[in-house]
Structures are given as C-alpha cells and as structure tokens.
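> Output the structure for:
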Amino acid sequence: MTIADDAVRVQDAASTTTRMTMAAALNRALADALEEDQSVVVFGEDVGALGGVFRITDGLTARFGEERCFDTPLAESGIVGAAVGMAMNGMRPVVEMQFDAFAYPAFEQIVSHVAKLGNRTRGAVRAPMVIRIPFGGGIGGVEHHCDSSESYYAHTPGLTVVAPSTPQDAYSLLRAAIASPDPVVFLEHKKLYWAKGDVDTSIRTELTSARIVRDGTDVTLLAYGAAVPLALEAATAASTEGRSVQVVDVRSLAPFDDVTVTAAVRSTGRAVVIAEAPGHVSVASEIQARVFERCFEFLAAPVRKVTGFDVPFAPPKLEHWYLPDVDRVLDAIDTLHWDEDA
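Next comes the predicted model:
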C-alpha cells in the first residue's frame with residue numbers, strides 16, 4: 001500500500017474534501033506543487049525510490065522523474081548548500097532533513113546563508129526554499145531521532161518557522177511555504193504523521209497566523225504541533241471539572257501571531273503554554289513572556305507552561321515520563337488562582 005492509498009474520498013460527490021493522514025496530506029501538497037510549478041524540486045536522503053523514511057515523498061520520483069525528486073548523499077550541509085544555490089538561480093527546492101537531530105550539520109548553512117541571503121543583498125537575491133524537518137518524540141525513537149529543535153530556528157532572524165498540527169494545515173501550510181519568496185523551516189511532528197483528518201486542497205492558509213481550535217471562557221491553552229491534540233484532550237477533561245477551556249494552535253513560531261494570541265488570552269485572563277521541547281530558553285518561554293508583556297493587566301494569574309524537562313530526550317521506555325501529558329496540563333490549570341480557591 002502506498003501513502004496515496006491512505007487518502008479516502010469522502011462519500012459526497014459535490015465535496016472536494018478528502019480524508020487522509022498528515023503524511024498523505026504532505027505527499028499531496030508536494031505532488032500538487034511539483035505539478036503546478038516546474039521550478040519546484042524535492043530532494044534529500046532516501047526521498048527518491050524509497051519515498052523517505054516516513055514515506056512522505058512516496059511515488060513522487062515515479063511520477064515526476066529523478067530530476068524533480070531525487071536522493072542525495074548523507075550530507076545535510078551539502079543538501080542545504082545545494083538548495084541555496086538552486087534558490088538563488090530561480091528554483092524552489094524543498095529538502096528533507098530525515099530526522100530533527102540529523103539537521104544539525106546543516107545548521108551553519110541555515111543560519112549563515114539561508115536566513116541572511118535576502119538581507120545581505122538588500123532583497124536583490126531571495127531564497128525561496130523549504131527545509132522540512134520531522135521533529136519530536138512519542139514514537140519510541142532512539143537517540144538523535146526525537147529532538148524538538150524548533151527554538152534554534154525560531155531564534156534565527158530571516159527564517160519563517162511553522163509547525164502544523166492537522167492534515168489540513170499540513171497541506172495548506174506546505175503549499176504556502178513552497179510559494180513563499182523567503183526560506184521556511186517546516187516542522188512536522190512525527191507522532192502526527194498517521195493522524196487522520198479532512199483535507200480540502202482548495203483551502204489556502206497564511207504562514208504567519210495562529211488559529212482558535214476550541215472556544216472557551218476560563219483559560220487559554222497555547223500549543224503547537226503534537227501539543228495541540230494534547231491541549232484538546234486536556235480541555236475536554238477540564239470541562240468535566242467545570243472549566244471552559246479555549247485552545248489556540250500557534251502553528252507559526254516565527255513570525256509570531258501576537259494579535260490572535262493576545263486577544264485570546266485577554267478574553268479568558270488565564271493561560272498555559274504547552275510544548276514538548278525543554279522549557280529553558282524555548283519557544284514556550286518566549287510565548288509565555290510575550291503574553292505577560294501584552295496581557296499583564298488582563299491576567300487573573302501568572303502564565304504557566306508545561307514542557308519537556310531540561311535534559312536530553314529520554315530513551316524509548318522512559319519517554320512517557322518526559323513528554324507533557326493531560327495530568328500535567330490539568331495541574332497547571334489548577335494553579336491559576338480560581339475564585340473558589342480563595
């Protein structure tokens with residue numbers, strides 16, 4: 001079975017919606033971009049005949065040929081360096097960094113060249129390229145396979161950094177990333193690859209916007225990637241205790257949608273930030289700080305965060321102790337100075 005077989009057409013002749021996994025949605029986004037724009041190329045380690053470790057590029061080489069989707073040597077710095085040269089010369093490369101921690105050899109290229117090219121040339125030369133990075137844990141992966149490295153990229157001026165949490169966003173955000181005139185780091189949480197949802201390929205999404213996933217009046221949960229379904233699960237659990245919980249999918253880590261997030265937190269007066277990465281000097285701590293700065297006079301309690309611990313990612317048998325869970329989120333909600341606690 002190919003990844004394309006995992007997309008099931010909704011039983012409505014008038015509908016353009018397809019139910020598929022996030023992996024299938026990403027595959028469809030790449031295929032549609034390759035079909036529509038001859039300047040798009042896809043390459044990386046094992047993305048050709050194999051279709052990638054997670055089969056995201058399954059079938060693309062057979063359909064578009066080895067000049068459009070091809071394998072590279074095991075050299076991440078070379079992969080990104082080649083993409084920079086292609087982008088400078090009118091192409092739109094989409095590269096895969098197989099696993100999060102495998103991308104570190106390319107970090108110098110990303111920070112020194114990809115992120116700075118437009119600024120260095122005063123906009124005369126741009127870098128329209130996408131760096132796809134599977135990230136995060138929850139799959140029982142071993143060392144170097146479960147890092148949450150988003151803070152490194154979000155800290156780097158010149159990069160747009162996004163992390164979809166649904167198949168629809170995976171499709172729409174990847175199409176927007178490929179169309180962007182500037183470089184995008186596209187973070188795909190591995191735990192979500194096989195999560196299913198409806199995808200309408202006609203929907204386009206801005207790269208830099210957050211979205212309200214669930215309405216609520218008592219507290220706002222701010223999350224991205226695999227933390228979004230966790231936040232929704234916690235919101236449902238909290239509702240049994242009488243809490244009305246709002247959930248916001250941040251999805252754009254850089255630039256950050258202060259407008260949507262600020263309005264959401266001001267409407268409830270309480271907030272918890274949820275992220276899998278270690279909490280120290282993290283995207284979660286930056287979100288926490290931004291909310292404090294912009295919502296201080298509206299807050300009924302300090303902004304809490306629930307994150308991974310400040311240690312290297314745990315071995316497979318211990319990762320459930322490391323990852324944020326519903327109980328930790330509910331415990332954080334319980335500390336938010338509720339009137340009945342007085």
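
> can you give me the helices for the chain?
22-36, 60-64, 76-88, 107-109, 117-120, 150-154, 167-179, 227-239, 258-268, 283-295, 319-322, 326-334 (DSSP state H).

> Val130: which of these is closest?
Closest approach to Val130 among the helices of the chain is made by helix 167-179 (4.8 Å; Cβ to Cβ). C-betas here are computed from N, CA, C, even on glycine.

> pLDDT on that closest one, on average?
Helix 167-179 carries an average pLDDT of 98.

> How about stretch 299-318?
Across stretch 299-318, the average pLDDT comes to 95.

> How far away from the center of its chain is that stretch?
For stretch 299-318, the separation from the chain centroid amounts to 18 Å (computed by Cα atoms, centre = their mean, to the nearest Å).

> ok, back up a step: what's the most buried one of the helices of the chain?
The highest mean neighbour count among the helices of the chain, using mean count of other Cβ atoms under 10 Å, belongs to helix 167-179: a mean of 24.

> Show me what that helix packs onto, helices and strands only.
helix 22-36, strand 130-135, strand 160-162, strand 184-189, strand 196-200 (3 or more Cβ pairs under 8 Å, 6 or more residues apart in numbering; DSSP states H and E).

> These into CSV, with extra columns for mean pLDDT and distance to Gly225?
Shown next, in CSV, are the helices and strands packed on helix 167-179 (pLDDT from 0 to 100; distance: least, Cβ to Cβ, whole Å):
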stretch, mean pLDDT, distance to Gly225
helix 22-36, 98, 11
strand 130-135, 98, 8
strand 160-162, 98, 10
strand 184-189, 98, 4
strand 196-200, 97, 15
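
> Pipe the ones you listed into CSV and attach distance to Ala284 per row.
Formatted as CSV, these follow (distance: least, Cβ to Cβ, whole Å):
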stretch, distance to Ala284
helix 22-36, 22
strand 130-135, 14
strand 160-162, 14
strand 184-189, 14
strand 196-200, 25
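
> Distance to Ser209 for the helices of the chain - can I get that in JSON lines?
Formatted as JSON lines, these follow (distance: least, Cβ to Cβ, whole Å):
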{"stretch": "helix 22-36", "distance to Ser209": "18"}
{"stretch": "helix 60-64", "distance to Ser209": "28"}
{"stretch": "helix 76-88", "distance to Ser209": "24"}
{"stretch": "helix 107-109", "distance to Ser209": "27"}
{"stretch": "helix 117-120", "distance to Ser209": "21"}
{"stretch": "helix 150-154", "distance to Ser209": "16"}
{"stretch": "helix 167-179", "distance to Ser209": "10"}
{"stretch": "helix 227-239", "distance to Ser209": "15"}
{"stretch": "helix 258-268", "distance to Ser209": "7"}
{"stretch": "helix 283-295", "distance to Ser209": "15"}
{"stretch": "helix 319-322", "distance to Ser209": "30"}
{"stretch": "helix 326-334", "distance to Ser209": "24"}
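
> Between the ones you listed, which one is closest to Asp249.
Taking Cβ to Cβ, helix 227-239 is the member of the helices of the chain nearest to Asp249, at 4.9 Å.

> What are the contacting residues of that closest one?
Applying Cβ atoms under 8 Å, 6 or more residues apart in numbering, the external contacts of helix 227-239 come out as 165-166, 192, 195, 213-214, 216, 219, 221, 223, 245-247, 249, 274-276, 324-326, 329-330, 333.

> so where's the stretch 1-150 of the chain shaky on pLDDT?
Scanning the stretch 1-150 of the chain with the threshold set as pLDDT under 70 gives 1-15.

> One more pass at 50, please.
The model of the stretch 1-150 of the chain has pLDDT under 50 over residues 1, 5, 7-14.

> one step back: any of the contacts of helix 227-239 buried? List them.
Neighbour counting over these (16 or more other Cβ atoms under 10 Å) leaves 165-166, 192, 195, 213-214, 216, 219, 221, 223, 245-247, 249, 274-276, 324, 329-330, 333 as the buried ones.

> still on that earlier bit, can you say which of the helices and strands packed on helix 167-179 is nearest to Ala289?
The closest approach between Ala289 and any of those, judged by Cβ to Cβ, belongs to strand 160-162 at 17.2 Å.

> Mind listing what's buried along that closest one?
Neighbour counts over strand 160-162 (16+ other Cβ under 10 Å) mark Thr160, Val161, Val162 as buried.

> who's the second one bridged to?
The residues paired with Val161 through beta bridges, assigned by DSSP bridges, are Val185, Ala254.
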